[in-house]
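A.B. asks: Need coordinates for the below:
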Amino acid sequence: MKENRACSTDMPIVTVENVTVRFPIGRTRTLTAVDSVTLSVRRGETFGLIGESGSGKSTLGRAVVCLQKPAEGNISHEGQDPYSMRPADLRRHRRQYQIIFQDPAAALDPRMTIIKSVREPLDAVGEGSVAERDALALEMMERAGLGPGFAKLYPHQLSGGQKQRACIARVLTLRPSLIVCDEAVAALDVSIQAEILNLLADLQHEFGLTYLFITHNIGVVEHISDTIAVMYLGQIIEIAPAEQLSQNYRHPYTEALLSAEPVALPSHLRPDRRIILEGELPSPMEPPSGCRFRTRCRYATTRCAAEMPALREIAPRHHAACHYAETFRDGQSPRAV
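C.D. replies: Residues are numbered from 1 along each chain as shown. Alright, predicted model coming up:
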């Protein structure tokens, strides 16, 4: 998707400011899934959001498309606050902001034919005749790589990749401006992943789409993204242009993620650079004091336990939340004491 970089602009299509999302646990406890996140997605770009399972990526994506209301903070769609709209206005507005889910089988109703599933958003908004909706659904299926022969089939008759193409076609029927791809290729074989990624790139060029691409696969997000944000335990800990992040990362967690990227070489030729993070991901119910990554960080000091690092600018458009962002790669940061 990087070939579309020239179509992106500095005008954000989505702005997230200090957004926090909480879920009640029982009667007295809460889980903070997203904690004071700030970012902006420019029109026409592919914005990658990466992190471990449980880091809050999907919750943030759902908040961006108004499927999960934040407890605090603001989300702006090109200057408009969607959460302040009346329900009828929000339904019309949300056509521009859609989501593709991770599991295409769960996203499709097994009792509905593929054309009915693809047509479903058009039926919900009630525009045009049934024949016109069918024609548009067939057109979007064709754009997504599904010919008319798939129209009368049911989900169980399709492969995983074909089901995801149907989900993509369904989203396209509303002609959105931004699509959140929530682990959209995670459940697919590697060869099928490549096909879907190429399809998304073609559709981005054809329809001028903006993507918020959520994944745990560092190789995928490096390949397709213009900008990458790294999320850990509900917070953004580094954000930068894709090339700058991969070549000049400034957070130990990003370093560990990049070290885990598979290398297509025989074992005896692979560089010994894998960083094994010790310990388990802390519970978001009881996050560590100070820096949330400190319990697994080989560079952690007493300052990391006492003081939460701010997400600060290290270079133009490159921000990192680490007390030692400027020096840890040179081995100058003090070790844990």
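A.B. asks: what's the spacing between T301 and V230?
C.D. replies: Distance, T301 to V230, by C-beta to C-beta, to the nearest Å: 21 Å. Glycine gets a C-beta too; all of them are placed from N, C-alpha and C.
A.B. asks: quick one, which of the two is more surrounded?
C.D. replies: Per other C-beta atoms under 10 Å, whichever of T301 and V230 has more neighbours is V230, with 26 against 18.
A.B. asks: so what's the more buried one up against?
C.D. replies: Listed by C-beta atoms under 8 Å, 6 or more residues apart in numbering, the contact partners of V230 are 50-51, 236-239, 245, 251, 253-254, 257.
A.B. asks: Please narrow the residues you listed to those residing in helices.
C.D. replies: Residues of these located in helices (DSSP state H): 245, 253-254, 257.
A.B. asks: Would you mind checking which of those is nearest to E286?
C.D. replies: Of all the ones in helices among the contacts of V230, E286 sits closest to Y253, with 19.0 Å by C-beta to C-beta.
A.B. asks: Just give the number of residues close to that closest one.
C.D. replies: By other C-beta under 10 Å, the residues close to Y253 number 27.
A.B. asks: Report pLDDT for it.
C.D. replies: pLDDT for Y253: 93.
A.B. asks: Helices of the stretch 51-200 of the chain, residue ranges please.
C.D. replies: For the stretch 51-200 of the chain, the helices defined by DSSP state H, counting those that start in this stretch cover 57-64, 87-93, 104-107, 114-125, 130-143, 160-172, 190-207.
A.B. asks: Check which residues of the third one are buried.
C.D. replies: Taking 16 or more other C-beta atoms under 10 Å as the basis for neighbour counts, the residues of helix 104-107 that come out buried are 104, 107.
A.B. asks: for the fourth one, same thing?
C.D. replies: When burial is assessed from 16+ other C-beta under 10 Å, helix 114-125 yields the following buried residues: 114-122.
A.B. asks: What helices and strands are in contact with it?
C.D. replies: Helices and strands touching helix 114-125, by 3 or more C-beta pairs under 8 Å, 6 or more residues apart in numbering; DSSP states H and E, are helix 130-143, helix 160-172.
A.B. asks: So what angle separates the directions of that helix and helix 160-172?
C.D. replies: Angle between the axes of helix 114-125 and helix 160-172 is 20 degrees (criterion: axes from the mean of the first three to the mean of the last three C-alpha atoms, to 10 degrees).
A.B. asks: which outside residues touch helix 114-125?
C.D. replies: With C-beta under 8 Å, 6+ apart as the criterion, helix 114-125 contacts 91-92, 95, 108-109, 112, 128, 133-134, 136-138, 140-141, 146, 150-155, 158, 166, 169-171, 173-174.
A.B. asks: Name the nearest residue to A71, sequence neighbours excluded.
C.D. replies: Spatial nearest neighbour of A71, chain neighbours left out: R22 (4.6 Å); criterion: C-beta to C-beta, 6 or more residues apart in numbering.
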